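K.L.:
Next come a sequence and a model predicted from it.
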Amino acid sequence: MKPRVLFVYYTFTKQALRVTEDMESVFRDRGWDITRAQIELTDARYKDRFKQFPLQHRYLDIIRLLPAQLRRATGEIRIPRQAEVGDYDLVCIGSPTWWLTTCMPIRSYLKSGAAAQLLEGREVAAFVVCRRYWKNNLKTVKRLAEANGATSIGETHFSYLGGQVRSLLSLISYLGTGEYRDRYLGVKIPPTNLQPDGDDAARAFAVRLADHVEIVSTSRGG
């Protein structure tokens, strides 16, 4: 049988989806069966803020998430059936960083009964897309996945260009306009989102994961 990989992710700006697509190309070329499961934030307290892109109120919409993120809160989400049941050889979890840590939709999934059922005994890998801060996000995804009985076999991150201030201005500009601009509030800013070399890095990460799973499977006589 073909080895099977599941990608569970949340995305608003489509950056986690972009990483997923790059990684999928590697698994597809190696004959794997690929499944996607995009988590949807349905919580009435927050969902209206993400109805459209660009954001209608870029500053308020971002700041209003801060209290919940600081509390490491969970919220109501829609979990695709593929992320509830399935016999997967590998589960890849993609989480954007919101206010220094794992985004609410992925945290909510990893604390759900569905994740507990699916991840028990599975091998998992995590990837983070972020402006600057990734360590706490990856640490949290790994910890919550392992709390569900999974074994972590790898993690990586993809960050945006610019220092602390300019990368923030660049992201705010993009969230409010949906366009790449050279300046925001009179300050020269770098392009936001994943950079061109991120595609190669995502594929290289997928190669390492596929190699590991295939070698372990062969050693077990799979």
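P.N.:
Everything's here; your move. Residues are numbered from 1 along each chain as shown.

K.L.:
in the lowest-mean-pLDDT helix or strand in the chain, what counts as buried?
P.N.:
When each helix and strand of the chain is scored by mean pLDDT, DSSP states H and E, helix 58-63 comes last, with a mean of 83. Within helix 58-63, the residues that count as buried by 16 or more other C-beta atoms under 10 Å are 58, 61-62. Every C-beta, even on glycine, is put in place using the N, C-alpha and C of the backbone.

K.L.:
nearest spatial neighbour of Pro105, skipping sequence neighbours?
P.N.:
Of all residues not flanking Pro105 in the chain, Tyr10 sits nearest, at 4.0 Å (C-beta to C-beta, 6 or more residues apart in numbering).

K.L.:
Just the pLDDT for Gly222.
P.N.:
As predicted, Gly222 sits at a pLDDT of 55.

K.L.:
now swap in Leu138 and tell me
P.N.:
Leu138 is given a pLDDT of 96.

K.L.:
Quick check, it in contact with His157.
P.N.:
Yes - using C-beta atoms under 8 Å, Leu138 is in contact with His157, at 6.3 Å.

K.L.:
any common contacting residues for the two?
P.N.:
Taking C-beta atoms under 8 Å, 6 or more residues apart in numbering as the contact rule, Leu138 and His157 both touch Val128.

K.L.:
So for those two, which residue has more residues nearby?
P.N.:
Leu138 (21 against 18; other C-beta atoms under 10 Å).

K.L.:
For the more buried one, list the residues it contacts.
P.N.:
Counting by C-beta under 8 Å, 6+ apart, Leu138 has contacts 126, 128, 155, 157.

K.L.:
Secondary structure element holding the residue lying closest to Thr102 once chain neighbours are set aside?
P.N.:
Residue nearest to Thr102 in three dimensions, not counting chain neighbours: Thr140, with 4.4 Å by C-beta to C-beta, 6+ apart. Assigned by DSSP states H and E, Thr140 belongs to helix 135-147.

K.L.:
so what secondary structure elements neighbour the helix or strand that that helix is followed by?
P.N.:
Beyond helix 135-147 on the C-terminal side, the first helix or strand identified by DSSP H and E is strand 151-159. If contacts are counted by 3 or more C-beta pairs under 8 Å, 6 or more residues apart in numbering; DSSP states H and E, strand 151-159 sits against strand 123-130, helix 135-147, helix 197-219.
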